[in-house]
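Q: After the sequence you'll find the predicted model.
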Amino acid sequence: MEHRLPQPCEACGLFPVVARLTGATEIVAKSAAMKGVLRRVARFAASDAPVAVLGETGTGKEVVARVLHANSQRAAEPFVPVNVAALPADLLESELFGHGKGAFTGATTARRGLFEAAARGTLFLDEVAELPLPLQAKLLRALQDGEIRRVGENRAFAVDVRIICATHRDLAARVRDGSFREDLYYRLKVLSVQVPPLRERRDDILPIAARLLAEERTRARGFTEVAKERMLGYSWPGNVRELQNAVKHGAALASGPLIDAGDLPEELLAPSAPARQSPSALRSLAEVEREHILHVLDACGGSQAEAARVLGIARNTLWRKLREYGSA
């Protein structure tokens, strides 16, 4: 069989297929919103600057980070992910920076950390907003100086790592309430991209569901029209992760070649499901404002002066807001 190399996306120039330990991940971007994300990521790929990937839980922030890494000059080097929220603070420091022999009870040998494991590649810090304040200071020093020091050692050494972080939290709000360092915030958010929730990119729902179904061991190879209507009408508060669970549910219950509506989870079958949105699915005023400002700027061909005139705000006010969005 002829082996076909993956082709770059015509819209953004990215290779959308990235390798993982258990196979490959392909990012689906049929919607205008997601194509916009990929065009932005394509511009980031040539840089070594830190990137913050923002968005609700389950939107696919790690997949975006992997695509960014796979299309960068570091693609041949390691992509090392770590969920900051999943590790206790005392263990997290050792995991990130490593430890020296005798640094603590049980440390019988020196051990390198994830910064070293990601050398010349990318370190992906998921749920970075949960990073304890003492470790925030150490991470800031590593970003500023390009050096780390293992726990229990006095010698610092250089590391060449690109940092991509992700969070579903409002980092700016965390800075205001004192739980996240302002200097670290600006170090991490040199470049940023907002991954839209699934409810705002409905053109992606069925293509993603089809791709997920193809990965399941099931006789089902598609969905009935009624099942598709249910999926398109649902608000998906859990985003792509919830869609994945729904596909697994349908694949497990399907008795024929097509998954029917009755095979889907109960929440998709409730009569009020298409109209109801959970509070977590509702957008804040800041999110609505951001979307409108970026839409006006795009309609004005990128001219900040013209966009400011249309919006009825001062140009320096628009510039400040775009800087907050990472778009200035």
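A: Received it, and whenever you're ready, just let me know what you need. Numbering: from 1, shown residues only.
Q: And the strands in the stretch 201-328 of the chain?
A: 222-223, 258-259 (DSSP state E, counting those that start in this stretch).
Q: Now do the first one, average pLDDT.
A: The one in question is strand 222-223. Mean per-residue pLDDT for strand 222-223: 96.
Q: go on, stretch 260-279?
A: 72.
Q: can you check stretch 142-157 too?
A: Mean pLDDT, stretch 142-157: 84.
Q: now do stretch 73-89
A: 92.
Q: so how far is it off the chain centroid?
A: 13 Å (C-alpha atoms, centre = their mean, to the nearest Å).
Q: quick one: contacts of that stretch?
A: By C-beta atoms under 8 Å, 6 or more residues apart in numbering, the residues outside stretch 73-89 that reach it are 46, 48, 62, 65-66, 69-70, 92, 95-96, 114, 117-128, 130-132, 134-135, 162. In this view, the C-beta of every residue, glycine as well, is placed from N, C-alpha and C.
Q: So which of those are in helices?
A: Residues from the contacts of stretch 73-89 lying in helices, with DSSP state H as the criterion: 62, 65-66, 69-70, 92, 95-96, 114, 117, 134-135.
Q: wait, Ala252 sits on Ala220?
A: No - the pair Ala252 and Ala220 does not pass the contact test of C-beta atoms under 8 Å, sitting 9.5 Å apart.
Q: returning to what we had before: whichever of the ones in helices among the contacts of stretch 73-89 end up buried, select them in PyMOL.
A: Per 16 or more other C-beta atoms under 10 Å, the buried members of the ones in helices among the contacts of stretch 73-89 correspond to this PyMOL selection:
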select buried, resi 62+65+66+69+70+92+95+96+114+117+135
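Q: Between all of the ones in helices among the contacts of stretch 73-89, which two are separated the most?
A: Spanning the widest gap among the ones in helices among the contacts of stretch 73-89 are Ala70 and Pro134, at 33.1 Å by C-beta to C-beta.
Q: How about Leu253, nearest residue that isn't a chain neighbour?
A: The shortest distance from Leu253 to any non-neighbouring residue, by C-beta to C-beta, 6 or more residues apart in numbering, is to Asp263 (4.1 Å).
Q: Ok, Leu140 next?
A: Spatial nearest neighbour of Leu140, excluding adjacent residues (C-beta to C-beta, 6+ apart): Leu184 at 4.6 Å.
Q: Quick check, the one you found in contact with Gln136.
A: Yes - with contact taken as C-beta under 8 Å, Leu184 and Gln136 are classed as touching, separated by 5.1 Å.
Q: Between these two, which is the more surrounded one?
A: Neighbours were counted for Leu184 and for Gln136 using other C-beta atoms under 10 Å; Leu184 has more, 23 against 18.
Q: Pick out the residue closest to the middle of the protein.
A: Lys61 (1.4 Å; C-alpha atoms, centre = their mean).
Q: List the residues that contact that residue.
A: Residues counted as contacts of Lys61 (C-beta under 8 Å, 6+ apart) are 53-55, 126, 166, 168, 195.
Q: now Leu54
A: Leu54 touches 61, 166-168, 171, 192-195, counting by C-beta under 8 Å, 6+ apart.
Q: How about Ala209?
A: Counting by C-beta under 8 Å, 6+ apart, Ala209 touches 223, 231, 243, 246-247.
Q: May I ask which two of these are separated the most?
A: Maximum pairwise distance among these (C-beta to C-beta): 11.9 Å, between Phe223 and Leu243.
Q: The two - which one has more neighbours?
A: For Phe223 versus Leu243, the count of surrounding residues by other C-beta under 10 Å is larger for Phe223: 24 against 21.
Q: residue ranges of the helices in the stretch 201-328 of the chain, please?
A: Secondary structure of the stretch 201-328 of the chain by DSSP state H, counting those that start in this stretch: the helices cover 205-214, 225-233, 239-253, 266-269, 285-299, 304-311, 315-325.
Q: where in the stretch 101-250 of the chain is pLDDT low?
A: Under the criterion pLDDT under 70, the flagged ranges of the stretch 101-250 of the chain are 101-108.
Q: Among the contacts of Leu54, which lie within strands?
A: 166-167, 192-194 (DSSP state E).
Q: Mind putting these into TSV with neighbour count and distance to Ile293?
A: Formatted as TSV, these follow (neighbours: other C-beta atoms under 10 Å; distance: C-beta to C-beta, whole Å):
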residue	neighbour count	distance to Ile293
Ala166	26	23
Thr167	24	22
Ser192	19	15
Val193	24	16
Gln194	23	13
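Q: okay if I get these as CSV plus distance to Ala156?
A: Compiled in CSV, those are given as follows (distance: C-beta to C-beta, whole Å):
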residue, distance to Ala156
Ala166, 27
Thr167, 28
Ser192, 29
Val193, 32
Gln194, 35
